[in-house]
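**Student:** Okay, structure incoming, though there's no sequence with it:
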């Protein structure tokens, strides 16, 4: 069924039910209902609803999806060609509403489209909705089409076909080139300053980060987001351009309008809150890819600047800070300079300029040649520039191609941009904070071959120390029960809950961040799935035995964790943020969608990776069967699963002074979702709600 075929059926004749003139007896006769003394229009509506559904014997989910696709095509045709949208829009709405997604299968559609459409037309005639909120309900379709139409009016070629709307390849390159040309003419630093000025109102002083989300709404958002993340990546690419003459409000408005329209046409902004969405294994990879591209376009990786030195000292605790060298510089000296550039100007939002003499005056005890080396070789991007092989949001490295092995954005690998031999710029404290750790890891990795093997254990040690320092009761260690061996990284013992935390240093690769679906799945498998499988094994054993005896170090020392009818939570902790992929709604749906799935590689190139992935999924499936022996008891089996980063854990620990405090900090966001897929925003939002509530009570 395509839109033209649909319109032919609708236009063939007016709704026959109109001949009844609203007479209930005639309406009953028309739909085949037996007459009675209690006749109502509602009964006629219910019968039409039932008959529409009965027009198809299978494939109801596909019919519903087809209705949505036809409605999207109709909106596009309406905007591009001014084609009348009525009565077709309401007929599709009623048809989809009556059909419903009553099955989860992708069975073949078997039924009578013509009969279903005529019945839906009758339904619209009998009981018109007269909806005035079409553009809000279907904001994604309307906004994508309008943005594409705007680009067409500017002279760019838009491909519009059934089920497809996109920029033609050469036109897409031309749009990107225009965006970059405007940035270059304005000057990259000037553009960055304007970006952070626009974002400053969203800055959270407690978390020291920008919240780029609109206010939460149960019905979603109605306007396209501004692609701040993408604009920042392009601004730093052209940081060497210091033009002032073209740094006008007119050019800024043009840049914002063009980049907003372009990002909208890429069609990865969800508009609806995440809790309304669905996920299945068939569509999983495309869904994950959309989220990765959304993060690249619209989000900006950040970290609380005051936590950077703390994290670095924690994960490098096993190294001698005075003698271990990064390119001939001690770790201690590197951390001193990082702490200075991140926290000296804490009230500044946006670019902060430094010169080498300022750092030399601040640290007279550090030799000038060492300061020079730290600034230029450890913390700064190459003078050749940043993001020089990045233009398209999907640009990513292709290791096997020598010309493309460095393609993609590399801005977040180092915190400083070198604008002259002795002058440097930190684009923004919060935005560049994660890159300080990345830069240290990159340099240390060259000096210390065992670094990657040590970081996971160092993270675990650091987390334990942070928890203990806040009065949180923890334990860890190995157990052996009936031949089953397990190792708990961190166990938090709260009054009502036992929390198993498993630590994984794995970060999202650049290819995964660019939306390469296979690499996304592999990265999630190596981090989230692997750790959740481990935590799930602990949960199974604790529920089965009622206790776990953990040995750590001295085999004669055993610490017993008893269940005592408490709840169990499973927490994965990564070193860096995974963006939208750490949303609790998403991870629950991801686990449910993949629990019974098996993934294969058509090329056999990644057979071992897929084998590992499938083993993780099979283990998680078996754990659910063990925990829920009665299938009827299975209800949100992964609601107790979390995916947090180390920076998120540190923010959670604000104001924590006991195990129950930590559990309560989690519980503040456990049953709340703003639909933003942003843990930081949701934590900030709920804390503000609590503050406002307490003020009202006072």
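**Tutor:** Arrived safely, thanks for sending. Predicted model, so just to flag it, every value in this text is computed and none were measured. Numbers count the residues shown, from 1 in each chain.

**Student:** what's the burial count for residue 342?
**Tutor:** When counting by other C-beta atoms under 10 Å, one arrives at 25 neighbours for residue 342. Where you see a C-beta, it was placed from the backbone N, CA and C, and this is true even at glycine.

**Student:** swap that for residue 566, sorry
**Tutor:** Using other C-beta under 10 Å: residue 566 sits among 16 other residues.

**Student:** now the helices for the stretch 401-550 of the chain?
**Tutor:** Using DSSP state H, counting those that start in this stretch, the helices found in the stretch 401-550 of the chain span residues 429-447, 451-469, 510-513, 517-524, 530-545.

**Student:** which stretch in those has the least confidence?
**Tutor:** Mean pLDDT is lowest for helix 510-513 out of those, coming in at a mean of 73.

**Student:** Which residues does that one contact?
**Tutor:** Helix 510-513 has contacts (C-beta atoms under 8 Å, 6 or more residues apart in numbering) with 292, 295-296, 396-397, 408-410, 519-520, 522-523.

**Student:** Which of these ranks first by neighbour count?
**Tutor:** For the contacts of helix 510-513, neighbours tallied by other C-beta under 10 Å; top is residue 292, 29 neighbours.

**Student:** what residue ranges in this protein score low on pLDDT?
**Tutor:** 101-106, 213-221, 274-277, 508, 515-517, 632, 695-698 (pLDDT under 70).

**Student:** Taking the centroid of it, which residue is nearest it?
**Tutor:** Nearest to the geometric centre of the chain sits residue 580, at 1.5 Å (C-alpha atoms, centre = their mean).

**Student:** Can you name the residues that contact it?
**Tutor:** 291, 294-295, 299, 586, 677-678.

**Student:** re the thing from before, what I need now is the helices of the stretch 401-550 of the chain written out in a markdown table, including distance to residue 672 for each item.
**Tutor:** Shown next, in a markdown table, are those (distance: least, C-beta to C-beta, whole Å):
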| stretch | distance to residue 672 |
| --- | --- |
| helix 429-447 | 24 |
| helix 451-469 | 23 |
| helix 510-513 | 27 |
| helix 517-524 | 24 |
| helix 530-545 | 21 |
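
**Student:** out of these, nearest to residue 666?
**Tutor:** helix 451-469 (12.8 Å; C-beta to C-beta).

**Student:** Give me the distance between residue 597 and residue 317.
**Tutor:** Look at residue 597 and residue 317: by C-beta to C-beta, to the nearest Å, they are 40 Å apart.

**Student:** do residue 406 as well
**Tutor:** Residue 406 is 33 Å from residue 317, where distance means C-beta to C-beta.

**Student:** Could you do residue 296 as well?
**Tutor:** When distance is defined by C-beta to C-beta, residue 296 is 33 Å away from residue 317.

**Student:** Residue 184 now?
**Tutor:** 44 Å.

**Student:** who's residue 488 bridged to?
**Tutor:** On the basis of DSSP bridges, residue 488 is bridged to residue 477.

**Student:** Would you agree it is in contact with residue 541?
**Tutor:** No: with contact defined as C-beta atoms under 8 Å, residue 488 does not reach residue 541; the gap is 10.0 Å.

**Student:** list the residues that contact both of the two?
**Tutor:** With C-beta under 8 Å, 6+ apart as the test, residue 488 and residue 541 both reach 479, 548.

**Student:** okay, these two: which has more neighbours?
**Tutor:** When neighbours are counted by other C-beta under 10 Å, residue 488 and residue 541 differ, and residue 488 comes out ahead with 25 against 19.

**Student:** From residue 503, how far out is the more buried one?
**Tutor:** According to C-beta to C-beta, residue 488 stands 11 Å off from residue 503.

**Student:** Would you quantify the distance from residue 365 to residue 279?
**Tutor:** In this view, residue 365 and residue 279 are 56 Å apart by C-beta to C-beta.

**Student:** Residue 319 too?
**Tutor:** 42 Å.

**Student:** And for residue 614?
**Tutor:** Note on residue 614: its distance to residue 279, by C-beta to C-beta, is 18 Å.

**Student:** Quick check: of the contacts of helix 510-513, which lies closest to residue 139?
**Tutor:** residue 295 (20.2 Å).

**Student:** who's in contact with that closest one?
**Tutor:** 229, 513, 579-580.

**Student:** Assumed it was part of a helix.
**Tutor:** Yes: counting by DSSP: H, G, I helix; E, B strand; the rest coil, residue 295 falls inside a helix.

**Student:** picking up where we left off before, so residue 184 and residue 317 - more neighbours on which side?
**Tutor:** Ranked by neighbour count (other C-beta under 10 Å), residue 184 and residue 317 place residue 184 first, with 18 against 12.

**Student:** quick one: what helix or strand has the more buried one in it?
**Tutor:** helix 169-186 (DSSP states H and E).

**Student:** which helices and strands does the helix or strand following that helix pack with?
**Tutor:** Sequence-wise, the next helix or strand downstream of helix 169-186 (DSSP H and E) is helix 188-199. With contacts taken as 3 or more C-beta pairs under 8 Å, 6 or more residues apart in numbering; DSSP states H and E, helix 188-199 sits against helix 228-237, helix 249-265.

**Student:** measure residue 533 to residue 631 for me?
**Tutor:** Per C-beta to C-beta, residue 533 is found 21 Å from residue 631.

**Student:** Compare neighbour counts for these two and give me the winner.
**Tutor:** Comparing residue 533 with residue 631 by other C-beta under 10 Å, the one with more neighbours is residue 533, at 20 against 8.

**Student:** circling back to that earlier point, who are the packing partners of the helix holding residue 184?
**Tutor:** helix 228-237, helix 249-265.

**Student:** Residue 526 against residue 506, yeah?
**Tutor:** Yes: Residue 526 lies in contact with residue 506 (C-beta under 8 Å); the separation is 5.0 Å.

**Student:** Please give the number of neighbouring residues around the nearest residue to residue 583 once chain neighbours are set aside.
**Tutor:** Nearest residue to residue 583, sequence neighbours excluded (C-beta to C-beta, 6 or more residues apart in numbering): residue 677, at 3.8 Å. Neighbourhood size, residue 677 [other C-beta under 10 Å]: 25.

**Student:** cool, and residue 72?
**Tutor:** Counted with other C-beta under 10 Å, residue 72 comes out at 22.

**Student:** Now it: which helix or strand?
**Tutor:** Assigned by DSSP H and E, residue 72 belongs to helix 60-81.

**Student:** Can you identify the element that follows that helix toward the C-terminus?
**Tutor:** helix 88-99.

**Student:** Okay, buried residues for that following helix please.
**Tutor:** Neighbour counts over helix 88-99 (16 or more other C-beta atoms under 10 Å) mark 88-96, 98-99 as buried.

**Student:** repeat for stretch 629-646
**Tutor:** Residues of stretch 629-646 classed as buried: 637-638, 640-646 (neighbour count, 16+ other C-beta under 10 Å).

**Student:** how's the chain carved up into domains?
**Tutor:** Following automatic domain parsing, one gets these domains for the chain: 3-131, 140-298, 305-379+414-455, 470-697.

**Student:** of all those, which lies closest to residue 389?
**Tutor:** domain 140-298 (9.6 Å).

**Student:** what about the closest one, how long is it end to end?
**Tutor:** 15 Å (C-alpha to C-alpha, to the nearest Å).

**Student:** Which secondary structure elements does the helix holding residue 72 sit against?
**Tutor:** Going by 3+ C-beta pairs under 8 Å, 6+ apart, helix 60-81 lies up against helix 3-12, helix 88-99, helix 139-153, strand 158-161.

**Student:** Of the ones you listed, which is nearest residue 377?
**Tutor:** Comparison of the helices and strands packed on helix 60-81 against residue 377 by C-beta to C-beta identifies helix 139-153 as nearest, at 43.0 Å.

**Student:** before we move on, back to that, any chance of JSON lines for the contacts of helix 510-513, columns distance to residue 46?
**Tutor:** What follows is the contacts of helix 510-513, written out as JSON lines (distance: C-beta to C-beta, whole Å):
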{"residue": "292", "distance to residue 46": "44"}
{"residue": "295", "distance to residue 46": "44"}
{"residue": "296", "distance to residue 46": "47"}
{"residue": "396", "distance to residue 46": "53"}
{"residue": "397", "distance to residue 46": "58"}
{"residue": "408", "distance to residue 46": "55"}
{"residue": "409", "distance to residue 46": "55"}
{"residue": "410", "distance to residue 46": "60"}
{"residue": "519", "distance to residue 46": "50"}
{"residue": "520", "distance to residue 46": "45"}
{"residue": "522", "distance to residue 46": "49"}
{"residue": "523", "distance to residue 46": "49"}
